[in-house]
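1. got a structure for you, letters missing:
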DNA sequence: CTCGGCAAACTGTGATCACAATCATTACGG
DNA sequence: CCGTAATGATTGTGATCACAGTTTGCCGAG
């Protein structure tokens, strides 16, 4: 198709940003499988835009290591998830994200930010709902929203962008996990623990809750990666 | 000027990669001052290439937060170094880089890698020479080379790229520091400690040496940032 | 039916142009 | 002499084209 159905997406921001968000979402929700090859023109056609803004978005994603470029071919692909990569990503996430959570709780407590608690509870309800329905896409979106609604309150731009980049790299693996293990939780509700820590203004409690949450998720991914390619 | 003096740079890799390296180097050595505005066309003219590969390189640098883009203007600039930014960058570096150093020592010890010791000693001699001469550019290049010659041996691609990104963001500040404090060291030679730890196959020693090295450097930067914009 | 080779299609890269928005400078009015 | 409006220059963005390298698929020879 040339560009018959130009999707409206969301106005106001530049096209290459919309393309970035679209590809990012497709990556995180696993609509583009790890290891699969993509191309500028195919993405452009699929999104109904010219190859130019796709090029910009892809450069950005490659810099964030959410897309890989074969140095011989120079062809694009979604990076495959190896055990080593997962191990390093786990380590990095386990350092950054609990730190962000602790800072967020500290700052929110200082500002007596009551709205944040309600916001997180609402999102967490959405997470549980998605888990109950087995809606993987919705779960991943809500889970992402939960973590970053919290992290954003840390007021730590640099660390926040690091966390965003790591999340983006881990995203494709999550889909694999839930395609294998199923969305049925049997997870202790670490989100509730984090909210409780936020209410109690217990920064270190939030740190531990988020660390536990990540740890359990990453363990599942590790098991999935080890059990099969 | 159109493109009269096409600099040879280095062949073999794509133009946008050469442009990336050129801008990166200009950023790290401080040839482009923090806070200063740049433009695609001016960079292109300066490097003797068309705006197109510059565009690609800039996208990458923006994704790495080595360049900033004003959301209103959409104009490019080198991000200013604020105290908060420096604090977060310090924290992140103090986590990633000692970890990389420890892993590198462990791996090098397992492989009985004797060449690495000699290589690091040679680079460190270069660092000391540059310090003695007060050659800031040369010092920063050699210092970078020292750290990453070590880190590369860790075999941790993800962490390595994180460290690279952080270093790139901190680079501009270094120049400010040495323009202020002067290149005269009065630093304990943490590099020598790191090399000693490598020889002794003491991973934790290397971790501490690198942490101390970073800590002292970042302290100087912090002092410089606090004393004046 | 299988294997080798050629041609067409597709890939990323770079250049050039058009356009709307913004900035800087200049000239004019007070 | 100072402040304001208008014009020209510069900015990022997107589109389109050309090109060289690679892959893909098809066709025919054995």
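-> Perfect, thanks for sending it. Remember, it's a predicted structure, so these values are computed and weren't measured experimentally. Numbering: from 1, shown residues only, chains lettered A, B, ... in the order given.
2. quick one: contacts for residue A:23?
-> A:32, A:43, A:57, A:58, A:61, A:67 (C-beta atoms under 8 Å, 6 or more residues apart in numbering or on different chains). Bear in mind the C-beta positions are built from the backbone N, C-alpha and C, glycine included.
3. Near the fourth one, how many other residues are there?
-> The number of residues packed around residue A:58, counting by other C-beta atoms under 10 Å in any protein chain shown, is 26.
4. near DNA strand D at all, the stretch of helix or strand it belongs to?
-> Taking DSSP states H and E as the definition, residue A:58 sits inside helix A:51-63. Yes: using C-beta under 7 Å from any atom of the strand, helix A:51-63 reaches DNA strand D at A:51, A:52, A:53, A:56.
5. Of the residues you listed, keep whichever come out buried.
-> A:53, A:56 (16 or more other C-beta atoms under 10 Å in any protein chain shown).
6. For DNA strand C, tell me which of the residues of helix A:51-63 next to DNA strand D show up nearby.
-> A:51, A:52.
7. Columns distance to residue B:172 and pLDDT on top of the residues of helix A:51-63 next to DNA strand D, output as JSON lines?
-> Output for the residues of helix A:51-63 next to DNA strand D, formatted as JSON lines (distance: C-beta to C-beta, whole Å; pLDDT from 0 to 100):
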{"residue": "A:51", "distance to residue B:172": "33", "pLDDT": "97"}
{"residue": "A:52", "distance to residue B:172": "30", "pLDDT": "97"}
{"residue": "A:53", "distance to residue B:172": "29", "pLDDT": "97"}
{"residue": "A:56", "distance to residue B:172": "24", "pLDDT": "98"}
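8. and the residues of helix A:51-63 next to DNA strand D as JSON lines, adding distance to chain B?
-> Shown next, in JSON lines, are the residues of helix A:51-63 next to DNA strand D (distance: C-beta to the nearest C-beta, whole Å):
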{"residue": "A:51", "distance to chain B": "13"}
{"residue": "A:52", "distance to chain B": "10"}
{"residue": "A:53", "distance to chain B": "11"}
{"residue": "A:56", "distance to chain B": "5"}
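9. Among the residues of helix A:51-63 next to DNA strand D, which pair sits farthest apart?
-> A:51 and A:56 (10.0 Å; C-beta to C-beta).
10. next SSE after the lowest-mean-pLDDT helix or strand in chain A?
-> Each helix and strand of chain A was given a mean pLDDT (mean pLDDT, DSSP states H and E); the minimum falls on helix A:157-181 at a mean of 85. Using DSSP H and E, the next helix or strand after helix A:157-181 towards the C-terminus is helix A:190-199.
11. rewinding a little: most neighbours among the contacts of residue A:23, please name it.
-> Busiest of the contacts of residue A:23 [other C-beta under 10 Å] is residue A:57, holding 28 neighbours.
12. residues contacting it?
-> Counting by C-beta under 8 Å, 6+ apart, residue A:57 has contacts A:16, A:17, A:19, A:20, A:23.
13. That concludes my questions; thank you for your assistance.
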